[in-house]
Every structure is written in structure tokens, then in C-alpha cells.
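Novice: what's the 3D shape of this:
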Amino acid sequence: MLSALISLLSANVLYFILHIQNTSSFPKPLTPKQEKEYLEKMSEGDMNARAVLIERNLRLVSHIVKKYYSKTNDTDDLISIGTIGLIKAIDSFNADKGTRLATYASRCIENEILMHFRSAKKSAGDVYLSDTLEIDKDGNPLTIEDTISVETDMADNLDKKIAWRKAVQIINSLENDREREIIILRYGLNNKKPLTQREVAQRLNISRSYVSRIEKKVLGYIRDNL
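Specialist: Numbering: from 1, shown residues only. Next up is the predicted model:
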């Protein structure tokens, strides 16, 4: 019955399931053979198989939280966050890469918790330009942004824009389609998201070292023509 429910439950409810059970009462982990069968069923769209995979790996969340974060005051939150990591692991797991699901899931759970800590640390020290420093006699707020002088050299900024337009023209005029595509992907031209050399290599099915060579070659060509 728990398996049928998990496919419909949110991460917060999954946290509740974890919270009210101790480790010994968790369902037994799946055997390698069972795990493979359920992964195949899930890949075919079987949501019940997905629920079983989540259920049978819930103990990983509790284990990681208790082992690494037992001294924190927000254990309940970490269990909830770790459960989100587990669900992401189940949904993104690729058995073809040769990694065991438990190993992959543990990393995802740990990463989700670490991202939570990084986000909390960053937020604690955030300072916004719109933050009010004081209120003047007319009731108008003085913000941090109001106290910062504008030191931008308009002429210099204009020169950069002109140079950038020239660089784009040079890139678009490259005769080698592959070289042009690598630079566009690498630097996110045409309103695209910039990719790493590894991501470009994977997308174009070429080696990362080849991407690096082409990038240096084209950048040198652009520099010479500017």
C-alpha cells in the first residue's frame, strides 16, 4: 500500500513517512535483480515501479542525515531535503553508466543537502542594492544603490560594443561550420546558454580536447582581426 501512495505523494509527505519510522522498520532494499526489473518498468512509464524504487531506498536518506548531520538542529528539514534528492536520483538514474543505484542516490541526497547549506550560507550574508540605509526628512528611503557613484566610461563602453559587434560578424563569417558552431555553443551566442567544453563535446559527439583546440584557434583569429 505504501508503494501505491508514494507515486502520488509530495517530498514533504515522504519526509513524514521517514520521520515516523525508524531505520529498522524500513522496507528491505531490492535485490540487484529486482532493482533492474523495476528500473525497466519505470523506464516504460510504470509509476508504481518508481514508487517502489523510492520506498525501498528511503533508508538511504535517514542513514546519510544521521551519519553526517546528526549534530545539526534542523534534522527534520534535512530529511525532507534529502528525500527530494532521492526522488531526483530515481528519476535521473541511468543504469547504462555502470553505477549502482544506491551509490548514485547517496550522492544525489548528499548534494541536495549540501546545496541547501550553501544556499542558506549565501542568503545569510546577502546584501541588496535596494536595502534601505536611512529615511530622509521627506520620508524618502536612501538605498545602497543611491550611495554608489556611476564610474562607467561611456566612450569606453561604446568601444566595447563596437568591438563585440565586429567579433560577432567575424564569427558568423567563419567558413568552417563546425568551428562556428563550437564558438556559438561555447559562448552562448544567439541567446543560447553558454556550455562547458565537455558539454559542447558531448553535444557534437567530439572530443573535449578538439573543442579546446578549435576554441583557441578561433579566438586567436578573432583577436588578430580586431
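
Novice: Which residues belonging to the longest helix seen in the chain are considered buried?
Specialist: Across the chain, the helix with the greatest residue count (assigned by DSSP state H) is helix 101-124. Across helix 101-124, burial judged by 16 or more other C-beta atoms under 10 Å covers 101, 102, 104, 105, 106, 108, 109, 110, 112, 113, 116. Yep, even glycine has a C-beta here, placed from its N, CA and C like the rest.

Novice: Return the distance of the fourth one relative to residue 93.
Specialist: Going from residue 105 to residue 93 by C-beta to C-beta, to the nearest Å gives 7 Å.

Novice: re earlier: out of the buried residues of helix 101-124, flag the one nearest to residue 208.
Specialist: Nearest to residue 208 among those: residue 104, at 22.9 Å, using C-beta to C-beta.

Novice: and residue 194, helix, strand or coil?
Specialist: Residue 194 falls in the coil class when you classify it by DSSP: H, G, I helix; E, B strand; the rest coil.

Novice: Any idea how many residues pack against the residue nearest to it when sequence neighbours are not counted?
Specialist: The shortest distance from residue 194 to any residue that is not its chain neighbour, by C-beta to C-beta, 6 or more residues apart in numbering, is 3.5 Å, and that residue is residue 188. The burial count assigned to residue 188 is 11, neighbours taken as other C-beta atoms under 10 Å.

Novice: Same question for residue 211.
Specialist: For residue 211, which is what you asked about, the neighbour count (other C-beta under 10 Å) is 24.

Novice: Would you check that it makes contact with residue 199?
Specialist: No: checked against C-beta atoms under 8 Å, the pair residue 211 and residue 199 is beyond contact range at 9.3 Å.

Novice: before we move on, the earlier item: the longest helix of the chain packs against which elements?
Specialist: For helix 101-124, the packing partners by 3 or more C-beta pairs under 8 Å, 6 or more residues apart in numbering; DSSP states H and E come out as helix 58-68, helix 75-92.

Novice: relative to helix 58-68, how tilted is the last one?
Specialist: Compare the direction of helix 75-92 with that of helix 58-68 by axes from the mean of the first three to the mean of the last three C-alpha atoms, to 10 degrees and you get 130 degrees.
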